[in-house]
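> Here's my sequence, what's the structure:
(2 chains, ligands or ions: 1)
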Amino acid sequence: MTRLIGILVGLFFTVAVLWAFATGAANYIAEPPAATAESVYHRHPKELHLQSDGPFGTFDKQQLQRGFQVYKEVCSACHSLSHVAFRDLAALGYNEAEVKAIAAGFQVPGIDPNTGETTTRAGMPTDYFPKPYPNDIAARAANNNAVPPDLSLMTKARHEGPAYVYSLLTGFQAQPAALVKQFPEAKTPAGLHYNPYFANLNLAMAPPLTSTDQVSYGDGTKATVDQMAQDVAAFLVWTAEPKLEKRRQTGWPVLGFLLFATVLAYLAKQQVWAGKKDKKKA
Amino acid sequence: MSFPWANEYKPSHPLMKWVDEKLPLPRFVYNAVGAGYPVPRNLNYFWNFGVLAGFCLVLQIVTGVILAMHYAPNALVAFDSTEHIMRDVNWGWMLRYAHANGASAFFVVVYLHIFRGFFFGSYKAPREMIWLLGVVIFLLMMATAFMGYVLPWGQMSFWGAKVITGLFGAIPVVGEPLQIWLLGGYAPDNASLNRFFSLHFLLPFVIAAVVILHIWALHIPGSSNPTGVEVKSESDTVPFHPYYTAKDGFGLGVFLILYCAMLFFLPNALGHPDNYIPANPMSTPAHIVPEWYFWPFYAILRAFTADFLFFPAKLMGVLAMFSAILVWFFLPWLDNSPVRSGHFRPLFRKFFYVLMVDVLVLGYCGGAPAAEPYVMISQIATAYYFLHFLVILPIVSSIEKPEPLPYSITEAVLGSDDKAALAPAS
Ligand code: HEM
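Residues are numbered from 1 along each chain as shown, chains lettered A, B, ... in the order given. Coordinates of the predicted model:
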């Protein structure tokens, strides 16, 4: 009885899903899905190699400092970095005095101790990076109706994050004429900028890195657009995963110990089973 | 249960004797996972996964309880409190990655445990109750994992919760009120997050209780084995300790190596990047996908794209998705071949391998965007899934001619030529 009912139920689902298949297939043949501008022109991120890649990778502190400088001088005008505190910058190799000086260079929201009114004050190492806009409405108003996203977790919040950030920053270009010819309705709207690495090809961010020596690096590295993009991508790898080095440094001894313990466990198992050896596999 | 030849617990230390008289807990443990539990001598490594699942459950409870000390279940701060754990709590990153990857590891282990059951016919009499409790555990695990994924309150948390609770909206008449009741509102919000946290904390302990029943039920007939031939004599078994404690110890080591490799070197490989974006009800992600362990069922849900008879497409999808798991409850009665092990069932075995491929295909399609060709592929794969359990298994089990079974486990292990060894092992 169970099996009879089972067969009937099974046939019910099978027929229903094959019916859906037939309907879908008929639609597909009648109206094959048309290509879209995204499906033709969207590009996979370029390759980017950072010292922090791979299971042995470590941060290049010099590069992180350069990337931080790019963030501070360029991106911070629009993008917040709200999960990072100034004190965290010690991990990039800045000493206490330098961290204090960096913090003091930012104005953070405060309260006037005499009047109790909201005001701003110089940052302290325990403060977090301040937000560039008081709220999303202000951010939209200033950016063509788009809110510049927080960058703290950006490299973990996109597929192939570091390469994506690098590609996005170096990928701005004029919209190909062929695209507009093939997809006239996909013409980049006024105020947006064409970038084949962005999911829908047009974003509200104007190219932020435009000329060599836009920032002047203290360590003598030539600040080409490509270099600045790599450096800020490296910096954002750190902001997204500040415990990256510690994680790997913990991982190796753990794996080493487990390997050793597992070999011992294997030998113990062999010894225990020695008298019961299978002569033939079951 | 026990076989008559099971070792008996004999405490030697006076303190243990005293404890045994007042509360025979050590005796219980000895009979459950000690030298007092006789186990078939021929178990292969697929029999390690039950113990590994138990380990994963403990791991999830321990890491989860500590995470809960730092996590704040409030829609305004949940995302930030998760990042606080990652950045400011000592070893918080390790706890969180251990818990997130622990959930994946748990599902890997439990899927292998279930597939072991499919192949070796572990669900058959006299082990139906073990199997039924197992399916209950699996359903509870899915509920727990789903609610856990909502807690960080990222984009996928929010939209996953919206899609999954939206499924209840497909139920005729009561659907919409039910959905609102489940969420505590029209869309996932603080009320939903709070109740999901409460239940996510509770359910693992419910699972632990059902696991105890599962193992209790296991100890009545005892473990099955790769031949599917029942234990006949003492020479067919070895005491659980030290034989299987040693083997499980080695299995645990291998498991931990793979698990820690993920945890320390690829902790986000199985997660979706969108969950590092804070939940935003105004912005729908391009592709809403659940965690990988739900993909086969998600593919089945999305395969029903056309209305059928009086059933709207969405309702069919929901019915099919739940039925895909509920059919497992009926497996002991759908497959009534007297032979348990797939090793001796040539026809069944072929279909079993097709099912494995089918589930992998469903999984792949479930993780892919809801577009062609994935939808059509998942429709064919869904058809096979239901045919397999509900039509093929009942028919195969009646028409198939099984291969000859060994007389006993001992014979299977030692070979029939070795008659001397068939005498009870010393
Ligand atoms: C928290 C999850 C689970 C835990 C901790 C658990 C634990 C165990 C343990 C320790 C065993 C004995 C060792 C072994 O045979 O591997 C076992 C056996 C078994 N489990 Fe589970 N289990 C879980 C989930 C499930 C699920 C989801 C199913 C099926 C849907 C299932 C079905 C079975 C069956 C049929 C057996 C008997 C196998 C045989 O003797 O051949 N279990 N379980």
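> Point me to the residue of the stretch 101-250 of chain B nearest the ligand.
Taking Cβ to the nearest ligand atom as the measure, the stretch 101-250 of chain B has B:Gly134 as its residue closest to the ligand, at 2.2 Å. (Glycine included, C-beta is placed from N, CA and C.)
> looking at it, that residue is touching B:Arg116, isn't it?
No - if you go by Cβ atoms under 8 Å, B:Gly134 and B:Arg116 don't touch, sitting 10.8 Å apart.
> who has more neighbours, the two?
B:Gly134 (25 against 19; other Cβ atoms under 10 Å in any protein chain shown).
> For B:Phe205, grab the count of nearby residues.
Around B:Phe205 there are 10 residues (other Cβ under 10 Å).
> next one: the helix or strand hosting it to chain centre, how far?
Using DSSP states H and E, B:Phe205 falls within helix B:190-218. Taking Cα atoms, centre = their mean, to the nearest Å, one finds helix B:190-218 lying 14 Å from the centre of the chain it belongs to.
> Likewise for stretch B:323-336?
For stretch B:323-336, the distance to the chain centre is 16 Å (Cα atoms, centre = their mean).
> same question, stretch A:254-273
With Cα atoms, centre = their mean, you get 39 Å for stretch A:254-273.
> and that stretch, average pLDDT?
Mean pLDDT, stretch A:254-273: 97.
> Now the residue of the stretch 101-250 of chain B closest to the ligand: closest residue in space, sequence neighbours ignored.
B:His214 (6.1 Å; Cβ to Cβ, 6 or more residues apart in numbering or on different chains).
> correct me, but that neighbour touches B:Leu133?
Yes - the criterion here is Cβ under 8 Å, and B:His214 meets it with B:Leu133 at 4.3 Å.
> need the helices for chain A, in chain order.
For chain A, the helices defined by DSSP state H occupy A:2-30, A:37-41, A:61-73, A:96-104, A:136-142, A:161-170, A:177-182, A:225-240, A:244-273.
> Between those, which one is closest to B:Asn336.
For the helices of chain A, the distance to B:Asn336 is smallest for helix A:2-30, at 7.3 Å, taking Cβ to Cβ.
> Run through the residues that contact B:Gln101.
Slight slip there: residue B:101 is Asn, not Gln. B:259, B:262-263, B:267, B:270 (Cβ atoms under 8 Å, 6 or more residues apart in numbering or on different chains).
> Could you rerun that using 10 Å?
B:63, B:259-264, B:266-271 (Cβ atoms under 10 Å, 6 or more residues apart in numbering or on different chains).
> One more: B:Asn31?
B:Asn31 neighbours (Cβ under 10 Å, 6+ apart): B:1-2, B:6-9, B:24, B:37, B:219, B:240.
> go on, B:Ala145?
B:60, B:103-104, B:106-107, B:200, B:203, B:290-291, B:293-294.
> And for whichever residue of the stretch 51-200 of chain A sits closest to the ligand, the neighbour number?
The stretch 51-200 of chain A approaches the ligand most closely through A:Lys156 (30.0 Å), counting by Cβ to the nearest ligand atom. For A:Lys156, the neighbour count with other Cβ under 10 Å is 19.
> Looks like it contacts A:Leu236 (just checking).
Yes - between A:Lys156 and A:Leu236 there is a contact under Cβ atoms under 10 Å: 9.3 Å.
> Briefly note if the helix or strand hosting B:Ile377 comes near chain A.
Assigning secondary structure by DSSP H and E places B:Ile377 in helix B:374-386. Yes - applying Cβ under 10 Å from any Cβ of the partner chain, one finds helix B:374-386 touching chain A at B:375-386.
> wait, B:Gly342 sits on B:Met356?
No - between B:Gly342 and B:Met356 there is no contact under Cβ under 10 Å: 11.2 Å.
> Now for those two: what residues contact both?
Joint contacts of B:Gly342 and B:Met356 (Cβ under 10 Å, 6+ apart) are B:118-119.
> higher neighbour count, the two?
B:Gly342 (19 against 13).
> hey, where'd the strands end up in the stretch 101-250 of chain B?
B:237-239 (DSSP state E, counting those that start in this stretch).
> now the chain, which segments are flagged as low pLDDT?
Picked chain A for this. A:277-282 (pLDDT under 70).
> Chain B, not that one
Residues of chain B that meet the cut-off, pLDDT under 70, sit at B:1, B:416-426.
> try 90 this time
B:1-2, B:170, B:172, B:309, B:370-372, B:413-426 (pLDDT under 90).
> who touches the closest residue to B:Phe146 other than its chain neighbours in this structure?
Spatial nearest neighbour of B:Phe146, excluding adjacent residues (Cβ to Cβ, 6+ apart): B:Ile164 at 6.2 Å. Residues near B:Ile164 by Cβ under 10 Å, 6+ apart: B:146-147, B:149-150, B:182, B:188, B:288, B:290, B:294, B:298, B:301.
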